[in-house]
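Novice: Provided below are the primary sequence and the corresponding predicted coordinates.
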Amino acid sequence: MKKYRVKIQEIIENSHSHLTAEEVFRLLRETFPQVVRATVYNNLNALCEAGLVRKVSVQGMPDRYDRIRRHDYLVCKACGRLVDLDLSDLTHQLQRQVSVPFLSYDLKLVYLCEQCQKKRNEGDGIESSPPVGPRSH
């Protein structure tokens, strides 16, 4: 139903985090207690296909959903934490290096967040390469 789709988009637009489908489901149930998970997944897929919501996939982690606003991500290799990163638009630079026109790009810089760096330094066995990019806040 359209009311679910509108509310799901509103939840994502107003969120200050990168929500999983399960988190969207729990938040949607606050308004529509009768909603089922399949409705959430179907509507999230429809919103992504329509270009109204951005799906962020990180290997080994559940997909998360975000606003469409142009931005990139820092992704912690150990825990999957996502941090928004506002880099300048690289479209023109990338287009000069690619022989075919492209529609968009999705940039994820992989690093170790501060908590995972501490665990690694304390010898908790996180096996990973050294952090890349700025430190997490």
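Specialist: That came through, no problem.

Novice: find the helix or strand that the nearest residue to Tyr105 once chain neighbours are set aside is a member of.
Specialist: Of all residues not flanking Tyr105 in the chain, Leu94 sits nearest, at 6.0 Å (Cβ to Cβ, 6 or more residues apart in numbering). (Glycine included, C-beta is placed from N, CA and C.) Applying DSSP states H and E as the criterion places Leu94 in helix 91-97.

Novice: and that helix, what's its mean pLDDT?
Specialist: The average pLDDT within helix 91-97 is 87.

Novice: quick check: phi and psi at Lys7.
Specialist: phi -70, psi -40 (degrees, to the nearest 10).

Novice: and it, how many neighbours does it have?
Specialist: 19 (other Cβ atoms under 10 Å).

Novice: the one 4 residues further on now?
Specialist: As a burial measure, Ile11 scores 21 neighbours (other Cβ under 10 Å).

Novice: any low-confidence regions in this protein?
Specialist: 1, 124-137 (pLDDT under 70).

Novice: spatially central residue in it, please.
Specialist: Val56 (3.6 Å; Cα atoms, centre = their mean).

Novice: that one is in contact with Gly80, isn't it?
Specialist: No: Val56 is beyond contact range of Gly80, at 10.1 Å (criterion: Cβ atoms under 8 Å).

Novice: show me the contacts for the residue nearest to the centre of the chain.
Specialist: Val56 makes contact with 18, 63-66, 73, 82, 108 under the criterion Cβ atoms under 8 Å, 6 or more residues apart in numbering.
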